[in-house]
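[1] Build me a model:
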Amino acid sequence: MSTPKIVAEVNGVTRRPVDNSPLLSSAAALWEGFALEQYFTPAATEFPDNIKFSGHLVAMTRCKKPVQFFYRGPGRIEQRMFIPDGGLGFCSSQAIERARQVGPSAAFPLFIEDAMMMRVCEESHGGRKVELIQRNGVVDRNLQGLLSAMADDLKAGCPAGRIFGESLATAIAAYVATKYSVFGTRFLSYRDGLSKKRLSDAIDYIQANLRSNLGVADIAAAAFMSPYYFGKLFKQSTGQTIHQYVLEQRLLKARVLLSTSAAPLSEIGLSVGLANQSHFTTVFKRHFGATPRHFRVASKSGAPSDQF
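    Numbering: from 1, shown residues only. Purely as a prediction, here's the structure:
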């Protein structure tokens, strides 16, 4: 299951929800069940009539000054509102008969597959299908921060692979299901972390797949849990987020390879799942206080390992 690009049903035809191509797309990121794009919206924009999404859409608007947004749902009169910079909009399967915007902006729509939303919320109280309330112009700094972090990661080329973006997207899915859904999804609280067996299964899976483009859903599946609950309980058990733990394990393995092999630095980075050489150098130095090259030179000269 993957969502390479955002599409919608427009008058019975599946197509992109707007005519222009995205300036930014997560298609190459291979996120499981999520897609994020960026579009430029001109000063006067008419959106296609009778548009409907098969999953859940969370969209953020960035603009220098508030834009006017007009929309009409089935059987409703046209509504007008001013959307501020960072304003958010939500919809699930609700049809939008007509929508238009006055004022230029950048739009960042995040699409969440219905199947992924169900996986995120599968252990929540009640088990009801999530349906987001159709709203526009919502100001929510927490959600804005999460979406901005996803966009920044995507602009940087997702140097950590799938896992960071998917972690943020999973948090967004759980957040909107809790705060902006029709029934107000409630997640149960756990305080004891993962069982020893589930934690062991997850860690074994991570260690066996450090080289691959690990995703949150993959690791959670190894522990037979939903992505959201697994992430929460994993942090309770280890004191680290999944992304932090995987990154640390990759760096530890890279440190061993640097001191025991003559393989090129790029090959070592690739072998531990850090294909972006610049990112590999940056995070290695941040973690150990030396670049991979300097660490290798020091280790060959007999410098004590506890120095790094």
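
[2] So residue 57: helix, strand or coil?
    Three-state assignment for residue 57 (DSSP: H, G, I helix; E, B strand; the rest coil): strand.

[3] what sits opposite it in the beta ladder?
    residue 91, residue 111 (DSSP bridges).

[4] That one touches residue 90, doesn't it?
    Yes: between residue 57 and residue 90 there is a contact under CB atoms under 8 Å: 7.0 Å. For glycine as for every other residue, the C-beta is placed from the backbone atoms N, C-alpha and C.

[5] joint contacts of the two?
    residue 132 (CB atoms under 8 Å, 6 or more residues apart in numbering).

[6] tally of neighbours for the closest residue to residue 191 other than its chain neighbours?
    Nearest residue to residue 191, sequence neighbours excluded (CB to CB, 6 or more residues apart in numbering): residue 236, at 7.2 Å. The local packing of residue 236 (other CB atoms under 10 Å) involves 13 other residues.

[7] hmm, who's touching the helix or strand containing residue 236?
    Per DSSP states H and E, residue 236 falls inside helix 227-238. With CB under 8 Å, 6+ apart as the contact definition, helix 227-238 has outside contacts at 119-121, 123, 166-167, 170-171, 173-174, 187, 190-194, 199, 202, 216-217, 219-220, 223, 225, 240-242, 245.

[8] make it 6 Å
    120, 123, 170, 174, 190, 193-194, 199, 216-217, 220, 223, 241-242, 245 (CB atoms under 6 Å, 6 or more residues apart in numbering).

[9] next one: it to chain centre, how far?
    16 Å (CA atoms, centre = their mean, to the nearest Å).

[10] so after it, what's the next helix or strand?
    Next along the chain after helix 227-238, taking DSSP H and E as the criterion, comes helix 242-260.

[11] Quick check: buried residues in that following helix?
    Neighbour counts over helix 242-260 (16 or more other CB atoms under 10 Å) mark 242-243, 245-247, 249-251, 253-255, 257-258 as buried.

[12] Of those, which is the nearest to residue 298?
    Distance to residue 298 across the buried residues of helix 242-260 (CB to CB) is lowest for residue 258, with 9.8 Å.

[13] Could you single out the nearest of the buried residues of helix 242-260 to residue 48?
    Nearest to residue 48 among the buried residues of helix 242-260 is residue 243, at 36.7 Å by CB to CB.

[14] separation between residue 119 and residue 279?
    With the distance defined as CB to CB, to the nearest Å, residue 119 ends up 28 Å from residue 279.
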